[in-house]
Each structure stands twice: as C-alpha cells, then as structure tokens.
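K.L.:
Quick one, what's the 3D model for this:
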Amino acid sequence: MGGDINALKAAIVALQNEVKALSTKNNDTKMSDSQFEDIVQEVSERQNRRCNVIIFGLKEQDGATKDDKAVLEKSEVVKVLTHVTPSITVTNIRRLGKFDENRTIGRPIKVTLANVEQVSELIKKCPSLRNSSEFKQISISTDKTPRQMNFYKTLKSELEERKNKGETNLKIKYVGGVPKIVNF
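P.N.:
The predicted structure follows:
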C-alpha cells in the first residue's frame, strides 16, 4: 500500500510538471494586442486594395491642364485594359508619386476596377501584353501592401541564394494568392 501511495505521488508530480510546461507553452503562443491589431490592419488594408491594380510603364501624358492630362491618361489606361479584357469597368485612376519632368519613365498608375473578379481576370490575361508590340513595355500587378512587398523581396532573395548554391528548376509561384518557391 505504501508503494502505491508513492507511485501516485510521483504520478501527480509528473502531471503537475506537464501542466506547467503546457501552460508555459500556451502563454508563448498567445498573441499580444499590438500583434493582433497589426494583423487586423493588414487584413483591412488588403481588403481595401483588392479591387486595385497598378500599371507600370505607361508614359506621362502631355496636357495643357491637369484635367486634360487626366482625360488623356484615362483613355490610355482604358485602351490598355480593354486590350487585355474587353469588358472592364474602371472606377478610378490615379498616378502614384510626385511628378518629375526629368523622369524618363512614367509614374505607376493605380487603377480601381468595379470588382475583384475583373482584377483576377485581368491579372490572368495580362501576359498577353508582352505579345503586343504596342503594349510590350507595360506591366500590370495587383496593389500590394508594404508587408506583401517585403515578403516577396525576402522570398526573391531566398530564391537567388538557393540558385547560387546550385539548386535548379526553382521559381516563385502564387499558390492561393501567396507567393511560394516551387520546383518546376
């Protein structure tokens, strides 16, 4: 009977130690309020940007007034987008960055489309721009948050490191909207 009591005491001590270890592990995995707020803010920002695309390589338009430039740029943007996807609805257009007359490349243009489906269709079909002699210098991308851009840069440098170490047949591919390094 004394041996049974000692065995039970040892089992209780072992269980108490296990509970402490699990409790510590649980506390380590809890998220702070600021981390939670950062995640909520990132999700909200991605939600706000989901109907936007960014057009690169479109030349700045010359116009007498700001309004003239806006009209010319909108017609150019619509021309490019309808070349890729004929049934597209543009709701807003805005150049990003400050104007610099010494700049040889036009500033990127943020374009807001009517819905997410149009963005998806446009992004899927935009490689066709490369086949067009008129639009081959133009590229289109989704509107990414700074965190998404940093993640992509990190992934790209990891890809370069792995290639420099001798790995072959690697590329970055978007899987479920998230870039990943995959074999091809």
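K.L.:
Please make it C-alpha for all contacts and neighbour counts, starting now.
P.N.:
Noted.
K.L.:
Show me the shaky parts of this structure.
P.N.:
1-2, 28, 63-64 (pLDDT under 70).
K.L.:
Show me it divided up by domain.
P.N.:
Taking automatic domain parsing as the reference, the chain has its domains at 2-46, 49-142, 146-183.
K.L.:
For the ones you listed, give me CSV that also has mean neighbour count.
P.N.:
Below are those laid out as CSV (neighbours: other Cα atoms under 10 Å):
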stretch, mean neighbour count
domain 2-46, 11
domain 49-142, 15
domain 146-183, 13
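K.L.:
Mind giving me the packing neighbours of whatever helix or strand N17 lives in?
P.N.:
If you go by DSSP states H and E, N17 is part of helix 2-29. Here helix 2-29 touches no other helix or strand, going by 3 or more Cα pairs under 8 Å, 6 or more residues apart in numbering; DSSP states H and E.
K.L.:
Check the offset of the helix or strand just after that helix from the chain's centre.
P.N.:
Where DSSP H and E defines the elements, the next helix or strand beyond helix 2-29 is helix 33-49. The chain centroid and the centroid of helix 33-49 are separated by 13 Å under Cα atoms, centre = their mean, to the nearest Å.
K.L.:
Number the residues from 22 up from this point.
P.N.:
Taking 22 as the first residue, the last one we looked at is helix 54-70.
K.L.:
Report the backbone C-alpha coordinates of helix 54-70 in CSV.
P.N.:
Extracted in CSV, the C-alpha atoms of helix 54-70 (Å, rounded to 0.1, in the frame of the first residue of the first chain):
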residue,chain,number,x,y,z
ASP,A,54,-2.8,43.1,-28.5
SER,A,55,-0.5,45.1,-30.8
GLN,A,56,0.3,42.0,-32.9
PHE,A,57,-3.4,41.3,-33.2
GLU,A,58,-4.1,44.9,-34.2
ASP,A,59,-1.3,44.7,-36.8
ILE,A,60,-2.9,41.6,-38.3
VAL,A,61,-6.3,43.2,-38.4
GLN,A,62,-4.9,46.3,-40.0
GLU,A,63,-3.1,44.3,-42.6
VAL,A,64,-6.2,42.3,-43.5
SER,A,65,-8.2,45.6,-43.7
GLU,A,66,-5.6,47.2,-46.0
ARG,A,67,-5.6,44.1,-48.3
GLN,A,68,-9.4,44.2,-48.4
ASN,A,69,-9.3,47.9,-49.4
ARG,A,70,-6.7,47.2,-52.1
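K.L.:
helix or strand right after that helix?
P.N.:
Next helix or strand after helix 54-70 toward the C-terminus (DSSP H and E): strand 73-77.
K.L.:
can you list the residues that contact that next one?
P.N.:
Defining contact as Cα atoms under 8 Å, 6 or more residues apart in numbering, one finds that strand 73-77 is touched by 127-134, 140, 159-164.
K.L.:
how about it as CSV, C-alpha atoms only?
P.N.:
Taking Å, rounded to 0.1, in the frame of the first residue of the first chain, the C-alpha atoms of strand 73-77 are listed here in CSV:
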residue,chain,number,x,y,z
ASN,A,73,-6.9,47.9,-57.4
VAL,A,74,-4.2,47.2,-60.0
ILE,A,75,-1.0,49.0,-60.6
ILE,A,76,0.1,49.8,-64.2
PHE,A,77,3.8,50.3,-64.8
